[in-house]
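In: A predicted structure for the sequence below; I have some questions about it.
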Amino acid sequence: GAALPDARVVLRGVATGQETVVGSDSQGQYRVEAPTAGAYLVIVTRAGFSEAARTVVVTTPTDVLDVPVQLEIGGVTAAVSVTAARAERETRQIPLHVESITRESVEQTNATSTGDAVSGIANVTPVGNGPFGVRPRLRGLDSTRLLVLVDGERLNTARQATDRTGAEVGLVSPDAISRIEIVNGAGTLLYGSDALAGTINIITNEPTFSSRVLALYGFNGFYSSNENGRRGTATVGVTAPRYAIRLQAGAESFGNYSAGAFTSEDTRPFFANGRLRRADTIDDNFGFAFRAFPDPFNAPYIRTDREITNSSASGNSVNLSSLFKVGERRTVRVRYQRRRMDDVGFPDFAQPYFFNATSLPKSDLDRVSARYEAQAVTPWLANLSVTAHYQRTERVLQNVLPVQFPAPTPVAFFPITVFRLDVLSQTEQRVW
């Protein structure tokens, strides 16, 4: 390829975070001096080309290193990970398998939910379905062994390994995603036993400084004809040399989705040939053969409609993020996230193909965080980071369970009364 003049080259100290910025000359060459020995990240950018990053190690201040960099045409970002080491590292230098999903990739796939966006990565198995209920499993292990982070902090939800109580990545709106980092492999030393299978870090709404005051605005819309699904998010903000503020607000509504083309789904032949048997409340308990009181569990059914019942959801979200420069290499970042989801259904737990119906009348998230970062504080203190955050999740798990039981009369065995009831249970879970 040809030489690229006017490329922006940033030399960033891995330990201190201190940056030196230079440009390439007409021959595409650049020269930058490292202030001290140590590890550095070389980041090269130019309009119309992908961003590239290289990690170099300077052993002495007099070292002269030749670091050639080739830029590809397009908008692909450099593979730099934060999650795997809790600091910026070039992915090739990390001894773990790291996948990164950019905001552009999420938009191009038109993911219905954040769970769908994560499921496109190798080693990630989706559990559940619907516009909110998709939850990831990593490397074949259940969700209790997968840690989900949002902006580097734990997403505190009930993480039991079932379709109804896995890690709820749907509490983050797809339109709020800046990128997703997926680390395959145990991260227990960094994050604890939750990260045995790996770690997923969902990074949202990252404002950046600009050389002058600029206004930001935009709208992102999504429509799916399958379930008449609609989602819209508006963005407004301002960025300047010393501050940046971005606000996103959106709403969504999804109806029941439709399955692929099929003739029918019929379980009656399995009962006819004896592979399945339906219990009877009276016969099984008293040894009769009336066959008059079949149990509501595991009832035969035939389905010819493509619509999948109990698969709808609706909700809204607010994401506010701000960044302030309080000194040389000193910043404060403040975030607020609010998510409300209503009437979330679980299509694999619905009649007639399951004896009860399960849903989430609500699933809510509120998160507030503040982070102070200082780089090159003193010669003996490279970086200082102080974070405070508060989050609260609330959800109501609802089950409609049909039950049937016999009750003999007080004075004689016969007649036997059979009670049929629909038991409605609601379990409220709060985690903070």
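Out: Right, received. Where do you want to start?
In: pretty sure Thr235 sits against Arg246.
Out: Yes: counting by C-beta atoms under 8 Å, Thr235 touches Arg246, with 6.6 Å between them. (Glycine included, C-beta is placed from N, CA and C.)
In: strands of the stretch 251-400 of the chain, residue ranges please.
Out: Under the criterion DSSP state E, counting those that start in this stretch, strands of the stretch 251-400 of the chain are mapped to 265-266, 302-303, 313-327, 330-345, 357-378, 381-408.
In: for the most centrally placed residue in the chain, list the residues it contacts.
Out: For the chain, Val169 is the residue whose C-alpha lies nearest the centre (C-alpha atoms, centre = their mean; 3.8 Å). Taking C-beta atoms under 8 Å, 6 or more residues apart in numbering as the criterion, Val169 is in contact with 113-115, 118, 134-136, 148, 155, 200, 202.
In: by neighbour count, which of these wins?
Out: For those, the largest number of neighbours (other C-beta atoms under 10 Å) sits with Arg135, at 30 neighbours.
In: which of the three states applies to Gly218?
Out: strand (DSSP: H, G, I helix; E, B strand; the rest coil).
In: that one contacts Thr235, doesn't it?
Out: Yes: between Gly218 and Thr235 there is a contact at 4.6 Å, judged by C-beta under 8 Å.
In: between those two, which one's more packed in?
Out: Thr235 (18 against 10).
In: against Ser317, how distant is the more buried one?
Out: Separation of Thr235 from Ser317 (C-beta to C-beta, to the nearest Å): 12 Å.
In: next: Gln27.
Out: Applying C-beta to C-beta, the value for Gln27 to Ser317 is 49 Å.
In: neighbour count winner among these two?
Out: Ser317 (23 against 9).
In: identify the residues contacting Val236.
Out: 215-217, 246-247.
In: pLDDT score assigned to Tyr243?
Out: We have a pLDDT of 94 for Tyr243.
In: how about the one 5 residues further on?
Out: Here, the pLDDT recorded for Gln248 equals 96.
In: quick check: it touching Asn319?
Out: Yes: using C-beta under 8 Å, Gln248 is in contact with Asn319, at 4.4 Å.
In: now the common contact residues for the two.
Out: By C-beta under 8 Å, 6+ apart, the residues touching both Gln248 and Asn319 are 173, 176, 205.
In: the first one contacts Val318, doesn't it?
Out: No: using C-beta under 8 Å, Ser173 is not in contact with Val318; the gap is 9.3 Å.
In: what about these two, which has more around it?
Out: Under the criterion of other C-beta under 10 Å, the comparison of Ser173 against Val318 puts Ser173 first, with 26 against 16.
In: still on that earlier bit, overlap in contacts of Ser173 and Val318?
Out: Gln248.
In: can you tell me the number of residues neighbouring the nearest residue to Tyr390 once chain neighbours are set aside?
Out: Closest residue in space to Tyr390, ignoring its immediate chain neighbours: Val368 at 5.1 Å, by C-beta to C-beta, 6 or more residues apart in numbering. Using other C-beta under 10 Å, Val368 has 15 neighbouring residues.
In: same thing with Thr20?
Out: Residues contacting Thr20 under the criterion other C-beta under 10 Å number 14.
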